[in-house]
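Peer 1: What follows is a protein structure lacking sequence information:
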């Protein structure tokens, strides 16, 4: 019997190895296909965007991506941040989630940095307002994409201003000087109409942003509020209760009181305008820039207002990150946001101005939120913010409590040290 050559003997072995390799590759390919299939189902959590607007965005995206299923789940606002935290801890978080611009330190380990293929950091800074670039920047990408942008503005009751024959104030000295003109009391000295809701914190919406704005204008570093300039802000705020006595805790919340037509001036982000309009369609009011401190050749004061807004982010552990980022890139495009805002404004939704710089000219003359766009170039932010519902352990709630206590006692006291303790919980340096 003839002997087979060694080369011929190797052929079956090689064939077997090739077949094994093909089986492994096919198995891995199948797993990738299976993972890709899973990646075509996205879950998106939010608490502040109206469900109909979210569904509209999903429908727009689905026109060219029919194979991707996106489910928007709106969560209760009062414990939204805690729900997110618990979901991530259990490993079943949403692929996409909305978070407040002040929440980055709390979710830094859960946020997926935006891939450069979606948008580079340089392109991001050209596309969105500078405050968003500052808030969302990380060492390896941006932590999310904002669809909106907002900042603190001054709302004025036009009828009351006309009746009292006063001009809208542009500096704080003028602001305080007109306050007594608007206060009306009954025969028991109870406030029936007031100038502004300041001097208290219990029933004053957005006192946090107001105090932060004055500190920024007065050159105070919010993370370390020390010195006369910081104390002056506290004194100014408390003056409206201790001397002017224009507000007390028996009155309705400031937003409601302004909507009733009984408050001459109100401070809030511009999204509040649509809410006020819905509460009282007959109220004649306008939204103007926040007053500033006077500047002269000897003392230069920074122009500033305070920014608050929400952002869409991607969970770092999501199995569908590529699809999630593609969706966020699509819904933040100018074309899609134009459609979204056309729908939102025509239907009277509570919305902040669009986040894109290239949409500014289209909305700068909007009677309600055009002011936020006007103030965008000098808008700043920090972790002092109202109505984020971040829970008792949240950075906003903790800092709000510290500032509230300091305002109540009328002095800075140990506030800087207490702030440092809160910031250190999230790895933040109070000296920055």
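Peer 2: Happy to help now that I have it. This one's a predicted model, so the numbers in the text were calculated from it and none came from an experiment.

Peer 1: okay, now the domains of the protein?
Peer 2: Using automatic domain parsing, the domain ranges for the chain come out as 40-150+308-373, 152-306+392-424.

Peer 1: Dump the ones you listed to CSV, plus mean neighbour count, mean pLDDT and distance to residue 385.
Peer 2: (Each C-beta comes from the backbone N, C-alpha and C, glycine too.) Shown next, in CSV, are the domains of the chain (neighbours: other CB atoms under 10 Å; pLDDT from 0 to 100; distance: least, CB to CB, whole Å):
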stretch, mean neighbour count, mean pLDDT, distance to residue 385
domain 40-150+308-373, 19, 96, 5
domain 152-306+392-424, 18, 96, 5
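
Peer 1: Distance to residue 430 for those domains - can I get that in a markdown table?
Peer 2: Listed next are the domains of the chain as a markdown table, based on distance: least, CB to CB, whole Å:
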| stretch | distance to residue 430 |
| --- | --- |
| domain 40-150+308-373 | 12 |
| domain 152-306+392-424 | 4 |
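
Peer 1: Nearest to residue 380, out of the ones you listed?
Peer 2: The minimum distance between residue 380 and the domains of the chain falls on domain 152-306+392-424, with 5.5 Å, by CB to CB.

Peer 1: Residue 154 is in contact with residue 269, isn't it?
Peer 2: No. The pair residue 154 / residue 269 is not scored as a contact, 11.4 Å apart, by CB atoms under 8 Å.

Peer 1: Please enumerate the shared neighbours of the two.
Peer 2: In terms of CB atoms under 8 Å, 6 or more residues apart in numbering, residue 154 and residue 269 are not both contacted by any residue.

Peer 1: For residue 137, which residues are in contact?
Peer 2: Each residue near residue 137 by CB under 8 Å, 6+ apart is listed here: 121, 143.

Peer 1: ok, 10 Å please
Peer 2: 104, 113, 121, 124, 125, 143 (CB atoms under 10 Å, 6 or more residues apart in numbering).

Peer 1: follow-up on the earlier one: and residue 382, which of the domains of the chain is closest to it?
Peer 2: Evaluated with CB to CB, the domains of the chain place domain 152-306+392-424 nearest to residue 382, the distance being 4.4 Å.

Peer 1: Can you get me the start-to-end distance on that closest one?
Peer 2: Domain 152-306+392-424 has an end-to-end distance of 27 Å (CA to CA, to the nearest Å).

Peer 1: Stretch 305-316 now?
Peer 2: Distance between the two ends of stretch 305-316: 32 Å, counting by CA to CA.

Peer 1: cool, and stretch 215-235?
Peer 2: In stretch 215-235, first residue to last residue: 12 Å (CA to CA).
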